[in-house]
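Undergrad: need a 3D model of the sequence below.
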Amino acid sequence: MNYYGEIKKIIEEDDTFYIEGKVSNMIIKESEDILQVKFPTEYKKYISECGCIGFGDSILFGLDPDGGNEERGTVLGDTLFARTEFSLSKEYIVVEYQDYENLYALKCSLNKELNDSSVYSFDINYDNKLASPVKVSDSFKEHFKSFVDSLKE
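TA: The predicted structure follows:
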């Protein structure tokens, strides 16, 4: 999938939509090493083409091409936060986060790069524990399309 191509028209027509820009393989690899997972190929392609995308408070996490990725608002920063704050399992990385209510996480392999993987929703309970995951997309590619479609509405 050409991730940038999918959002190019939105970027040209709506100046409130933003994109971080291309991220180097070195920054992606550093984040994988810190998180101790292998990002699926499709997710790496998204990051390398877009960095991250968003509109208002809706952000599909990725990485910042200029660094500062351990801050909240990136897949690295929010995954580290969710692991500490909510005991998110190491095989998941956070791709969307909605305050203290819910997060969407992409399932990853700890030792091999998958082509693509499912996205799960986790409700955050009042005691900062995560509810059981519920599959919301069969693949990151599908989740990306749903995210972009929601921005067009």
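
Undergrad: quick one: contacts for the spatially closest residue to residue 46 that is not a sequence neighbour?
TA: Nearest residue to residue 46, sequence neighbours excluded (C-beta to C-beta, 6 or more residues apart in numbering): residue 3, at 4.7 Å. C-betas here are computed from N, CA, C, even on glycine. Listed by C-beta atoms under 8 Å, 6 or more residues apart in numbering, the contact partners of residue 3 are 45, 46, 49, 50, 144.

Undergrad: for residue 3, phi and psi?
TA: phi -60, psi -40 (degrees, to the nearest 10).

Undergrad: list the buried residues of stretch 20-38.
TA: 20, 23, 27, 28, 31, 32, 35, 37, 38 (16 or more other C-beta atoms under 10 Å).

Undergrad: same question for stretch 63-81.
TA: Neighbour-count burial for stretch 63-81 [16+ other C-beta under 10 Å]: 63-65, 69, 73-81.

Undergrad: for those residues, work out which two are farthest apart.
TA: Spanning the widest gap among the buried residues of stretch 63-81 are 65 and 81, at 20.9 Å by C-beta to C-beta.

Undergrad: quick one: which of the contacts of residue 3 is the most crowded by neighbours?
TA: Greatest neighbour count in the contacts of residue 3, by other C-beta atoms under 10 Å, goes to residue 46: 27 neighbours.

Undergrad: roughly how far apart are that one and residue 34?
TA: Distance, residue 46 to residue 34, by C-beta to C-beta, to the nearest Å: 19 Å.

Undergrad: in CSV, list the C-alpha atoms belonging to stretch 5-22.
TA: Output of stretch 5-22 as CSV, limited to C-alpha atoms (Å, rounded to 0.1, in the frame of the first residue of the first chain):
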residue,chain,number,x,y,z
GLY,A,5,-0.7,8.3,-1.7
GLU,A,6,-3.8,7.4,0.4
ILE,A,7,-3.7,10.7,2.3
LYS,A,8,-2.2,13.1,-0.2
LYS,A,9,-5.6,14.5,-1.3
ILE,A,10,-6.7,15.1,2.3
ILE,A,11,-3.4,16.9,3.0
GLU,A,12,-3.9,19.2,-0.1
GLU,A,13,-7.5,20.0,0.8
ASP,A,14,-7.4,20.3,4.6
ASP,A,15,-4.7,22.3,6.3
THR,A,16,-5.8,21.0,9.8
PHE,A,17,-4.7,17.5,8.8
TYR,A,18,-1.0,16.9,9.5
ILE,A,19,1.7,14.5,8.7
GLU,A,20,5.1,14.3,10.3
GLY,A,21,7.0,13.1,7.3
LYS,A,22,9.4,10.3,6.3
